[in-house]
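>>> sharing a model that was predicted from the sequence below.
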Amino acid sequence: QLTCRQDPGHPTRIAMRWTLSGTHTGYGVYGNPTGKTVFVRGYCHAHWIDGRVTHEWITYDDVAIWKQLLPVPA
């Protein structure tokens with residue numbers, strides 16, 4: 001989902017809500033590959049000036065990712 005706002009005296013402001021899913025197969029910040037399917041929800045905000053992104057902020061739910069990857073207690 002994408003929306004944009006244009007107000008005089010401000011850059012064009014863009015907001016995007018996104019989701020993705022994939023399989024945890026690589027090494028990285030979430031540890032050794034688990035082979036589990038992971039669903040990620042995120043948001044991006046950006047300023048657009050003269051056809052270029054000049055500032056960008058990205059947020060995603062890191063805790064939700066960890067909850068999907070950690071072992072379930074017995």
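Perfect, I can see it now.
>>> residue nearest the middle of the chain, spatially speaking?
Nearest to the mean C-alpha position of the chain, by C-alpha atoms, centre = their mean, lies residue 42 at 3.4 Å.
>>> what about the helices in this structure?
Using DSSP state H, the helices of the chain run over 62-69.
>>> count of neighbours near residue 12?
When neighbours are defined as other C-beta atoms under 10 Å, residue 12 has 16 of them. Backbone N, C-alpha and C define where each C-beta goes, glycine included.
>>> ugh, wrong one, residue 64
Around residue 64 there are 13 residues (other C-beta under 10 Å).
>>> so for the residue lying closest to it once chain neighbours are set aside, what's the pLDDT?
Ranked by C-beta to C-beta, 6 or more residues apart in numbering and with sequence neighbours excluded, the top spatial neighbour of residue 64 is residue 41, at 7.0 Å. pLDDT for residue 41: 95.
>>> ok, now residue 72?
79.
>>> now it: how far from residue 5?
For residue 72, the distance to residue 5 (C-beta to C-beta, to the nearest Å) stands at 42 Å.
>>> out of the two, which sits in the busier spot?
Neighbours were counted for residue 72 and for residue 5 using other C-beta under 10 Å; residue 5 has more, 10 against 5.
>>> does that one really touch residue 12, like I thought?
Yes - checked against C-beta atoms under 8 Å, the pair residue 5 and residue 12 is within contact range at 7.3 Å.
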